[in-house]
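Trainee: quick one: sequence and predicted model below, then my questions.
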There are 2 protein chains.
Amino acid sequence: MPKVVDVEERRKRLVEAVWALAVRGGVEQVTLRKVADEAGVSMGQVQHYYSSMQALVADSLDRAVHAVNTAIEKAVEAAGTASPEVVLRTCLHALVGADEDSVRLMRFSLAVAGRAASDPAMAKVLAPGDEALLAFTAELIGAARRERGSGARGDDRIDEDHIDEDSVNEHSVDDDHIEADICWSLAVSLGVDVALGHRTPEAAGRVLDYHVDQILGGRSRS
Amino acid sequence: MPKVVDVEERRKRLVEAVWALAVRGGVEQVTLRKVADEAGVSMGQVQHYYSSMQALVADSLDRAVHAVNTAIEKAVEAAGTASPEVVLRTCLHALVGADEDSVRLMRFSLAVAGRAASDPAMAKVLAPGDEALLAFTAELIGAARRERGSGARGDDRIDEDHIDEDSVNEHSVDDDHIEADICWSLAVSLGVDVALGHRTPEAAGRVLDYHVDQILGGRSRS
DNA sequence: AATTTTGCGATGCAATCGCATTGCAAAGGC
DNA sequence: GCCTTTGCAATGCGATTGCATCGCAAAATT
């Protein structure tokens, strides 16, 4: 067994090159030679690690999606001990994040989404949040709603005490699930807008926060 | 003045070919020869009507966006005399429509969105609903809210004079505007999911309806 | 030291690309 | 009937594409 190299490192480097190229000029700019050049390696190396262009792009998309998921998980455990409401806001905001990486991944995913429209294999990878994420988010929403419903009056008498009579606060678990679905759909849409430069991350974040305010019912947010 | 032909008809035919090709295999499949072939004309004709490939794709996107807007307007005036709530639902549903055309346009827009990520000129065309549409939608939401708040019990007696009793129904105009923004963002996201085959038009419509139910506050919907 | 196995640089190739160019046919205006 | 102008078919060209192939270098095995 000769010449042992860090395969993962090579692949990662190539994928990064693909991201950079796609963000800079669309998927059409992702060619064997350009990738090799961007990564500072030879064409042969690219071919060595990926049997075809398709495979390269597919793996790049795969890794991009994984990176986004990881970012969400990171956001969740970073705010791990906080209230469910804060956790909810935090992980939703991961999609409209202002940080460079977030925008890069979003733009790349968008650039590749075009191919996904005709390539079912890629479309699968870009599917909306999986059931586990939805369930988790629904759980968060339910918890946050319960928390607001009970512990709302803390510092000063928010007269939320007499709003419960049969009208506003009976949300079912199913409802929470749909709300979770809506939250992620909205976050994705806003994230795309940010990636395209149609919204600032701040503006998108504000819309997201407003929506969370709405679905949690009360208004106890600064 | 020789050989007068219907220029619009020619262009339309070419654009339709572009749509078909892009939906079938992504923007990368849109080439001079393929377009000519798909449209059943010669390459020369394509070049005659569009000075470059860029121009062709740009015009195709332009027409696609216009077609979607037209679909929305059509939906609005088709439900013109109905209640604001119905109008709201109707025009939002235009984006997740089950009809062939709607899906085609969405898929094409998505296919081109990748280019938009790096081409500001195209990104502009794909911008979220313009201010006029947002304002109109906000108006609709406000009207629907007022109608629900008052006319809920008994369809007569619209006592809109004292609806201000401080508790559930104080939505500001600004709020309506943000809600409108959210509605369209959500509708776009759902439309994309439908285009990618991740949701059925029915499921997407249900989510949309649920959301409208929520923002209108009361529950008077079947 | 010889051998084998893997990593990968270099190059060739057929296909395809967008676009420029050329030339001809058809349709008024005179 | 000629002439001009427009619509478009046809073809050529240079550049670029993904991929196959070849060959050499470096390391682990013997």
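Mentor: The structure has been received and is ready for your questions.
Trainee: and A:V15, how many neighbours?
Mentor: Residues lying near A:V15 (other CB atoms under 10 Å in any protein chain shown) number 24. C-beta coordinates here come from the backbone N, C-alpha and C atoms, glycine included.
Trainee: excluding chain neighbours, what is closest to it?
Mentor: A:S60 (4.7 Å; CB to CB, 6 or more residues apart in numbering or on different chains).
Trainee: host element of the one you found?
Mentor: Taking DSSP states H and E as the definition, one finds A:S60 inside helix A:53-78.
Trainee: run the contact check for that helix versus DNA strand C.
Mentor: No: residues of helix A:53-78 are not located near DNA strand C by CB under 7 Å from any atom of the strand, the shortest gap being 13.3 Å.
Trainee: is the residue nearest to A:V15 in contact with A:A111, as I believe?
Mentor: No: A:S60 is beyond contact range of A:A111, at 10.1 Å (criterion: CB atoms under 8 Å).
Trainee: check which element follows the helix or strand bottoming out on mean pLDDT in chain A along the chain.
Mentor: Every helix and strand of chain A was ranked by mean pLDDT, DSSP states H and E. The lowest is helix A:131-151, at a mean of 88. Sequence-wise, the next helix or strand downstream of helix A:131-151 (DSSP H and E) is helix A:173-196.
Trainee: most centrally placed residue in chain A?
Mentor: Centrality entry for chain A: nearest residue to the mean C-alpha point is A:L95, 4.0 Å, by CA atoms, centre = their mean.
Trainee: would you mind confirming that that residue is in contact with A:L190?
Mentor: Yes: counting by CB under 8 Å, A:L95 touches A:L190, with 7.1 Å between them.
Trainee: any idea how far the residue nearest to the centre of chain A is from A:A187?
Mentor: 4 Å (CB to CB, to the nearest Å).
Trainee: then A:D6?
Mentor: Between A:D6 and A:A187 the distance is 35 Å, computed by CB to CB.
Trainee: more neighbours, the two?
Mentor: Neighbours were counted for A:D6 and for A:A187 using other CB under 10 Å; A:A187 has more, 24 against 9.
Trainee: up against DNA strand C, what does chain A have?
Mentor: Close to DNA strand C, as judged by CB under 7 Å from any atom of the strand, chain A has residues A:1-5, A:7, A:10, A:41-45, A:47-49.
Trainee: now the buried members of these.
Mentor: Among the residues of chain A next to DNA strand C, those classed as buried by 16 or more other CB atoms under 10 Å in any protein chain shown are A:10, A:41, A:45, A:49.
Trainee: tell me how far the second one lies from A:D62.
Mentor: It refers to A:V41. Here the criterion is CB to CB. By it, A:V41 lies 21 Å from A:D62.
Trainee: tell me the mean pLDDT for stretch A:180-200?
Mentor: Taken as a whole, stretch A:180-200 has an average pLDDT of 95.
Trainee: show me what counts as buried in it.
Mentor: A:180-196, A:198-199.
Trainee: low-confidence ranges in chain A?
Mentor: Chain A contains residues with pLDDT under 70 at A:1-3, A:149-170, A:218-222.
Trainee: return the nearest residue of chain A with respect to DNA strand C.
Mentor: Closest approach between chain A and DNA strand C, counting by CB to the nearest atom of the strand: A:G44, at 2.2 Å.
Trainee: ramachandran angles for that residue?
Mentor: Dihedral pair for A:G44: phi -60, psi -40, per degrees, to the nearest 10.
Trainee: what sits against it?
Mentor: The contact partners of A:G44, by CB atoms under 8 Å, 6 or more residues apart in numbering or on different chains, come to none.
Trainee: from chain B, how far out is the closest residue in space to A:R11 that isn't next to it in sequence?
Mentor: Counting by CB to CB, 6+ apart, A:Y49 is the residue found nearest to A:R11 once chain neighbours are left out, at 5.7 Å. Using CB to the nearest CB, to the nearest Å, A:Y49 is found at 22 Å from chain B.
Trainee: ditto for A:H48
Mentor: 24 Å.
Trainee: the strand or helix carrying that residue close to DNA strand D?
Mentor: Using DSSP H and E, A:H48 sits in helix A:43-49. Yes: Helix A:43-49 lies within reach of DNA strand D by CB under 7 Å from any atom of the strand, at A:43-44, A:47.
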